[in-house]
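K.L.:
Here's my sequence, what's the structure:
(one chain, ligands or ions: 1)
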Amino acid sequence: MVMLIAGNWKMNGLAADAAEQVRALADGIGRAGGAELLICPPATLIPIMARALEEAGIRDRVALGGQDCHIAEKGAHTGDISAWMLKDIGCSHVIVGHSERRIDHGEDDDLIRAKAEAALEAGLVAIVCIGETEAQRQAEETELVLSHQLRGSMPSGATRENAVIAYEPVWAIGTGHTPTAEDVAHVHRHIRTVAEDFFPDDLRILYGGSVKPDNAGALLAVDGVDGALVGGASLKAEDFLAIAAAAKV
Ligand SMILES: O=C[C@H](O)COP(=O)(O)O
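P.N.:
Below is the predicted model of the structure:
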């Protein structure tokens, strides 16, 4: 199974940064091995990145994705972007339900599911994020929370081709803390068991939360981990490629 290494730039990057990162990606792309690469930059940079990747001759090597989408195709929704618009500018994927959206924008499972279903309808792969908070972990509610989020936010009709689950413990995001390999294996097994209950396909499950070049090998080697969703370390092409180099093939 080819691993997916996805970079989420979050609200970072100007046009000059995009150009610089694409140059660095093109220079080092050979180091990425066989991993499937995806970058989800801010929406403002997607067309710029698409053009730069094309010019650098690596557009077929690096897929582009959005970080969120609206549930509707179009309409009076100031400030929003639809899955169809992302598709139109060259995206193949979109992240939905990231904990920063759940927290900053009060997004709940129903809304995330609707967004994921809009993504599928538009022909995008939906990367659906789930993860427990520190308080939930301390209360030993991780499995319960993840089961609930999975059942509530996964799109109906999810298949291996159109949907990916990203497990991101909220307490591990941007903190430098990661779960142990044993914990990651345990949680991914739990997620897979729950997902198998309602989806016929064996869905890809990414791990996200403080993935860096120095821990990527250990995290990606964990049984049941099919790739990574990388935040901070994806902002530097060298680090992103080093993480991809650690992926199992
Ligand atoms: O979407 C990415 C995650 O939130 C992980 O972010 P991080 O790698 O900066 O911890």
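K.L.:
pretty sure residue 249 is touching residue 32, no?
P.N.:
No: counting by Cβ atoms under 8 Å, residue 32 is not a contact partner of residue 249; they are 10.6 Å apart. To be clear about C-beta, it is placed using only N, CA and C from the backbone, and glycine gets the same treatment.
K.L.:
So between those two, which is more surrounded?
P.N.:
residue 32 (21 against 8; other Cβ atoms under 10 Å).
K.L.:
Can you verify my assumption that that one contacts residue 246?
P.N.:
No: judged on Cβ under 8 Å, residue 32 makes no contact with residue 246 at a distance of 10.2 Å.
K.L.:
what are the ranges of the strands in this structure?
P.N.:
For the chain, strands defined by DSSP state E occupy the ranges 4-8, 36-40, 62-66, 93-96, 125-130, 163-167, 204-208, 227-230.
K.L.:
So which residues make contact with the fourth one?
P.N.:
Counting by Cβ atoms under 8 Å, 6 or more residues apart in numbering, the neighbours of strand 93-96 from elsewhere in the structure are 6, 8, 38, 40, 63-69, 83, 86, 112, 115-116, 119, 124-129, 153, 164, 166, 229.
K.L.:
In its sheet, which strands sit next to that strand, and in what direction?
P.N.:
strand 62-66 (parallel), strand 125-130 (parallel) (DSSP bridges).
K.L.:
Now that strand: average pLDDT?
P.N.:
In this model, strand 93-96 carries a mean pLDDT of 98.
K.L.:
Can you give the distance of that strand from its chain's centre?
P.N.:
7 Å (Cα atoms, centre = their mean, to the nearest Å).
K.L.:
do the same with the longest one
P.N.:
The chain centroid and the centroid of strand 125-130 are separated by 6 Å under Cα atoms, centre = their mean.
K.L.:
What sits closest to the closest residue to the ligand within the chain if chain neighbours are left out?
P.N.:
For the chain, the residue closest to the ligand is residue 231, as judged by Cβ to the nearest ligand atom, at 2.2 Å. Once flanking residues are discounted, residue 231 sits nearest to residue 8: 5.3 Å by Cβ to Cβ, 6 or more residues apart in numbering.
K.L.:
how many neighbours does that neighbour have?
P.N.:
By other Cβ under 10 Å, the residues close to residue 8 number 26.
K.L.:
what does the protein put close to the ligand?
P.N.:
Where the chain comes near the ligand, counting by Cβ under 6 Å from any ligand atom, the residues are 8, 98, 168, 173-174, 208-211, 229-233.
K.L.:
Can you select the buried ones from those in ChimeraX?
P.N.:
In ChimeraX, this line selects whichever of these come out buried by 16 or more other Cβ atoms under 10 Å:
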select :8,98,168,173,208,209,210,211,229,230,231,232,233
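K.L.:
quick one on the thing from earlier: in terms of contact, does the residue of the chain closest to the ligand touch residue 12 like I think?
P.N.:
No: counting by Cβ under 8 Å, residue 231 stays clear of residue 12, with 9.1 Å between them.
K.L.:
now the helices for this structure?
P.N.:
15-28, 46-55, 83-88, 99-104, 109-122, 134-138, 142-153, 181-198, 213-220, 237-245 (DSSP state H).
K.L.:
May I see those helices organised as CSV, with mean pLDDT added?
P.N.:
Formatted as CSV, the helices of the chain follow (pLDDT from 0 to 100):
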stretch, mean pLDDT
helix 15-28, 97
helix 46-55, 98
helix 83-88, 98
helix 99-104, 97
helix 109-122, 98
helix 134-138, 97
helix 142-153, 98
helix 181-198, 96
helix 213-220, 98
helix 237-245, 98
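K.L.:
can you redo those as a markdown table with mean neighbour count and distance to residue 2?
P.N.:
Converted to a markdown table, these look like this (neighbours: other Cβ atoms under 10 Å; distance: least, Cβ to Cβ, whole Å):
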| stretch | mean neighbour count | distance to residue 2 |
| --- | --- | --- |
| helix 15-28 | 17 | 18 |
| helix 46-55 | 19 | 19 |
| helix 83-88 | 20 | 22 |
| helix 99-104 | 16 | 26 |
| helix 109-122 | 21 | 21 |
| helix 134-138 | 14 | 31 |
| helix 142-153 | 18 | 23 |
| helix 181-198 | 16 | 17 |
| helix 213-220 | 18 | 12 |
| helix 237-245 | 22 | 11 |
